[in-house]
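A.B. asks: Predicted coordinates and the sequence they were generated for:
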Amino acid sequence: MMHMTFYWGKNVTILFDFWRTNSWLSYSLSLLALFLASAFYQYMEDRRVRFKILAESKPASSEPSIETPLLYGRAIRGWSLARSATAVLFTVNSAIGYMLMLAVMSFNGGVFIAIVVGLGVGYLVFRSGGGDEVLVTIDNPCACA
């Protein structure tokens, strides 16, 4: 039976039929695994954003001159290795995020709390930026872009 409201208990199926918990030990280990996966999600998001910023940064010697085309960045950049690696990181991070979302949809209260706390702790550890905060400039001010 699939629950459609939050419930509490150790008997839960997480993502796959073979990932069932029937004891408090298996339930606790599953919650720990989901907590770690949530923190890892935040770590991967931080790596992806930092890699994207690094890949898009221009070298110090690339001063614009009169000969530089107006659309230099878009026209010549094309498919670089850095751009492809950023796309791979985005894909992996999206997959992890959707798997966490599907785990929350088991409607088990412990699973929900483990994932939300893991996301919060992961953000605090990996993305809160103690002092080396990287400022991101948005090219398009439109909220829908």
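C.D. replies: All right, it came through fine. In this text, all values refer to a predicted model and were calculated from it rather than measured experimentally.

A.B. asks: For stretch 50-69, what does the pLDDT average out to?
C.D. replies: Confidence over stretch 50-69, taken as the mean pLDDT, stands at 66.

A.B. asks: Disregarding residues adjacent in the polypeptide, which is nearest to Ser30?
C.D. replies: Taking Cβ to Cβ, 6 or more residues apart in numbering as the measure, Ser30 lies nearest to Thr21, with 5.3 Å between them; neighbours along the chain are not counted. All C-beta spots, glycine's among them, are computed from the backbone N, C-alpha and C.

A.B. asks: Let me see the contact set for the one you found.
C.D. replies: For Thr21, the contacting residues are 10-12, 14, 27, 30, by Cβ atoms under 8 Å, 6 or more residues apart in numbering.

A.B. asks: and stretch 87-100, how far from the chain's centre?
C.D. replies: Here stretch 87-100 is found 6 Å from its chain centre; the criterion is Cα atoms, centre = their mean, to the nearest Å.

A.B. asks: whoops, I mixed them up, stretch 91-103
C.D. replies: Relative to its parent chain, stretch 91-103 has a centroid offset of 8 Å by Cα atoms, centre = their mean.

A.B. asks: Show me which residues of it are buried.
C.D. replies: The neighbour-count check on stretch 91-103 (16 or more other Cβ atoms under 10 Å) flags 93, 96, 100, 103 as buried.

A.B. asks: Look up the closest residue to Asn108, ignoring the ones flanking it.
C.D. replies: On the basis of Cβ to Cβ, 6+ apart, the spatially nearest residue to Asn108 that is not a chain neighbour turns out to be Val12, at 4.4 Å.

A.B. asks: go on, Leu31?
C.D. replies: Excluding its sequence neighbours, the residue lying closest to Leu31 (Cβ to Cβ, 6+ apart) is Ala114, at 4.2 Å.
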